[in-house]
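1. I would like the atomic coordinates for the input below:
(chains A, B, C and D)
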2 protein chains.
Amino acid sequence: MPETAPRPDRLSGTRYGSRPTMKDVAARAGVGLKTVSRVVNGEPGVTPDTERRVQEAIEALGFRRNDSARVLRKGRTASIGLVLEDLADPFYGPLSRAVEEVARAHGALLINGSSAEDPEREQELALALCARRVDGLVVIPAGDDHRYLEPEMRAGVATVFVDRPAGKIDADAVLSDSFGGARDGVAHLLAHGHRRIGFIGDMPRIHTAAERLRGYRAAMADAGIPVEESWMSLGVTDPERVRRAAEEMLAGPAPVTAIFAGNNRVTVTVVRVLAGRGRSVALVGFDDFELADLLDPGVTVVAQDAAALGRTAAERLFGQLDGTLLTPERIELPTRLITRGSGELPPS
Amino acid sequence: MPETAPRPDRLSGTRYGSRPTMKDVAARAGVGLKTVSRVVNGEPGVTPDTERRVQEAIEALGFRRNDSARVLRKGRTASIGLVLEDLADPFYGPLSRAVEEVARAHGALLINGSSAEDPEREQELALALCARRVDGLVVIPAGDDHRYLEPEMRAGVATVFVDRPAGKIDADAVLSDSFGGARDGVAHLLAHGHRRIGFIGDMPRIHTAAERLRGYRAAMADAGIPVEESWMSLGVTDPERVRRAAEEMLAGPAPVTAIFAGNNRVTVTVVRVLAGRGRSVALVGFDDFELADLLDPGVTVVAQDAAALGRTAAERLFGQLDGTLLTPERIELPTRLITRGSGELPPS
DNA sequence: TAGAGCCTGGACAACGTTGTCAGAGCGGGA
DNA sequence: TCCCGCTCTGACAACGTTGTCCAGGCTCTA
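-> Numbers count the residues shown, from 1 in each chain, chains lettered A, B, ... in the order given. Reported below is the predicted structural model:
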């Protein structure tokens, strides 16, 4: 007599809350354990009739393979970890999405977490992911010492750093050309007649911030303009301090006529400051952001391609896993100047 | 003779690429396997001296516990899954960040993936996460039939739906008050003298879209205004079609004087359309977005609190896991009208 | 009809960890 | 001196899967 739709919780000898295993399926289908495994994994060597019986048992019991056991046995988890700064930051949305797409194309899942810019938390998170035996790790560094990852990398965890290079170890890194981008952005302001140009950026201990500052200095030097200390504001990142910094630059006897903003959060804050003032001040920001074109004037930016960063990094990671990419490399992706108005304002 | 900093890849009987296990650590420290386990897990009953020896061995070998094996043994993974629509959508950034924070507070990791609004992909992803034996699942539904999750939920996977309710099963859901929010937003336009108000929203098969449409109709009905078909555009989501829809509403002999936009992507597109026109048209959008206050005029929105949605959902999920929350519930979070100018324009 | 070879199925070990339980060593009390 | 009880340690099984290997039954050929 064929069974008629048994209730899934009436599993043989299992209590509520536990799940059927291949053994249960095998018992129900009246076959051996390994046969079930073969069916589940689509391996050859199973008669259509047997396969059908097994499929029915799987269906009836609501069986789902336990991937933990599988991972334990096979050694590979088909998952990669992504450690970023803050999931809520719009810059990382497209980036993690791109990483996810590549992972998906390779049949891998994405596990991710935010370091909140805290090096300790970055380490904790990265090591937790390693304990899960992720196959690879994409890290947007918060700290500047990644030696803690050496044993992991030696053990075969593919590792790629994005946006900022790794600290004190030799590893793949995919970056935007911060130096070149900043230099071009500042040069753009210079080309429009500005001479007193301010720079507001993050702490120079952050690689990208340092590079952008270097780009700013290089552009000014190329134009033969000595930079005054009061034009630069470094390590300023929270809105209130950015606001004050901007206001100070714009006050005094010889105020700046243009500002170069080191990242998109700074840019947005500067936009707010400028919106509250009558006098027009030119602005170029590093990083594009949504709606930049709708503001009045549109905000001219040095855009980096977050999705390309993520895609490139993930592809290198799988390249490492394939064994095709072996020597660590630093890849710099170009930036693109998008003119929208704010960077083309003349000095006032 | 004490060993001096052995090279980590010289593991006893292990080849390059494999990792030391507790057995290796035990052998090196000259203790039993279980003692290592005790030290690693901070269990009591180990002499300080033994513990020190074990710690040294761990250090020397670069040992890291294999969580896959641990999970297999313990049954709990200390990780939760998040299935959302699109990681790159700014609305989901704060949401997933909030989920992550709660997970972190409970010592759990977050695994996530995007469904890209594809029901099949949602299912595939959710089931993959279940195969990994996540303890719980936060799902932003793309499909409208979630019966496939029943065996999982019965097996003890905590499940919470966010932003939209589950389809065809009884499950926890945390939603924004789409109906009330839309009604209030439209009422706001009515209060400013508008009578011909357009509505552009997503397909009504999406719960939130249907609710917002219902709110629009309710507000209009309350004001005693019969809604004309040409004022409504449903199932329109890609920018080009939104643009056309908006332009059609604004053309003709009796154009609308105000538009209610059903979600933030629509709102942004409508803003672009309106920016290109001389005549002023009032606009209220559902969902807040960054820089809405900087546009001219600022965009009046019905804001939902994405972070609160995520936080509430995750907390309910861990409540289920604690065993404190047992009966599925639908929670609606209030929305908030933020006036910034665009919704207060008079009819022209 | 007998033998060779193929196809299907199953028994068993192993992956690395943790829970159980029992044994070893030691100190103190009778 | 002997025994009890305590603390610390380790042997062993189990978690659910997959890889290896062998057995049995079948078909095909001589």
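2. quick one: contacts for the residue lying closest to A:T339 once chain neighbours are set aside?
-> Excluding the flanking residues, the one nearest A:T339 by Cβ to Cβ, 6 or more residues apart in numbering or on different chains is A:T300, at 5.0 Å. For the C-beta atoms, the positions are set from N, CA and C on the backbone; glycine is no exception. A:T300 is in contact with A:185, A:188, A:283-285, A:337-344, counting by Cβ atoms under 8 Å, 6 or more residues apart in numbering or on different chains.
3. all helices for the stretch 51-200 of chain A, in order.
-> Using DSSP state H, counting those that start in this stretch, the helices of the stretch 51-200 of chain A run over A:67-74, A:92-105, A:119-131, A:150-154, A:178-191.
4. so which elements touch the last one?
-> Contact analysis of helix A:178-191 by 3 or more Cβ pairs under 8 Å, 6 or more residues apart in numbering or on different chains; DSSP states H and E lists strand A:197-200, helix A:207-222, strand A:258-261, strand A:282-286, strand A:300-303, strand A:336-338 as its packing neighbours.
5. most tightly packed of those?
-> Using mean count of other Cβ atoms under 10 Å in any protein chain shown, the stretch among these with the largest mean neighbour count is strand A:258-261, at a mean of 29.
6. for the closest residue to DNA strand C within the stretch 151-300 of chain A, the count of nearby residues, please.
-> Nearest to DNA strand C, among the residues of the stretch 151-300 of chain A, is A:A155, at 10.7 Å (Cβ to the nearest atom of the strand). If you count neighbours by other Cβ atoms under 10 Å in any protein chain shown, A:A155 ends up with 20.
7. and it, how far from A:L127?
-> Here the criterion is Cβ to Cβ, to the nearest Å. By it, A:A155 lies 12 Å from A:L127.
8. got it, and A:A60?
-> Between A:A60 and A:L127 the computed distance is 42 Å (Cβ to Cβ).
9. then A:G323?
-> From A:G323 to A:L127 the distance is 24 Å (Cβ to Cβ).
10. settle it for me: which of these two has more neighbours?
-> Counting neighbours by other Cβ under 10 Å for A:G323 and for A:L127 shows that A:L127 has the greater number, 16 against 7.
11. give me the neighbour count for the residue nearest to A:A128 when sequence neighbours are not counted.
-> Leaving aside its sequence neighbours, A:A128 sits nearest to B:L109 (Cβ to Cβ, 6+ apart; 6.3 Å). When neighbours are counted by other Cβ under 10 Å, B:L109 registers 23.
12. ok, A:K168 next?
-> 12.
13. smallest gap between chain A and DNA strand C, at which residue?
-> A:G32 (2.7 Å).
14. which one of the helices and strands packed on helix A:178-191 lies closest to A:L317?
-> Among the helices and strands packed on helix A:178-191, the nearest to A:L317 by Cβ to Cβ is helix A:207-222 (19.9 Å).
15. who touches the nearest residue to A:D222 once chain neighbours are set aside in this structure?
-> The shortest distance from A:D222 to any non-neighbouring residue, by Cβ to Cβ, 6+ apart, is to A:A187 (7.2 Å). By Cβ under 8 Å, 6+ apart, A:A187 lies in contact with A:219, A:222-223.
16. can I get these in a markdown table including distance to DNA strand C and pLDDT?
-> As requested, those are exported to a markdown table (distance: Cβ to the nearest atom of the strand, whole Å; pLDDT from 0 to 100):
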| residue | distance to DNA strand C | pLDDT |
| --- | --- | --- |
| A:A219 | 53 | 98 |
| A:D222 | 56 | 97 |
| A:A223 | 59 | 97 |
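17. can you list these in TSV and add distance to A:E56?
-> Shown next, in TSV, are the contacts of A:A187 (distance: Cβ to Cβ, whole Å):
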residue	distance to A:E56
A:A219	71
A:D222	75
A:A223	77
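18. looking at these, which is nearest B:R196?
-> Distance ranking of the contacts of A:A187 against B:R196, using Cβ to Cβ, places A:A219 first at 53.0 Å.
19. thought that closest one was touching A:A182?
-> Yes: judged on Cβ atoms under 8 Å, A:A219 makes contact with A:A182 at a distance of 7.4 Å.
20. please, where are all the strands along chain A?
-> All strands of chain A, identified by DSSP state E, fall at A:79-84, A:109-114, A:136-139, A:158-162, A:172-176, A:197-200, A:232-233, A:258-261, A:282-286, A:300-303, A:330-333, A:336-338.
21. want to throw the ones you listed into JSON lines with mean pLDDT?
-> JSON lines is the format used below for those (pLDDT from 0 to 100):
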{"stretch": "strand A:79-84", "mean pLDDT": "94"}
{"stretch": "strand A:109-114", "mean pLDDT": "90"}
{"stretch": "strand A:136-139", "mean pLDDT": "96"}
{"stretch": "strand A:158-162", "mean pLDDT": "96"}
{"stretch": "strand A:172-176", "mean pLDDT": "97"}
{"stretch": "strand A:197-200", "mean pLDDT": "97"}
{"stretch": "strand A:232-233", "mean pLDDT": "94"}
{"stretch": "strand A:258-261", "mean pLDDT": "97"}
{"stretch": "strand A:282-286", "mean pLDDT": "97"}
{"stretch": "strand A:300-303", "mean pLDDT": "98"}
{"stretch": "strand A:330-333", "mean pLDDT": "97"}
{"stretch": "strand A:336-338", "mean pLDDT": "98"}
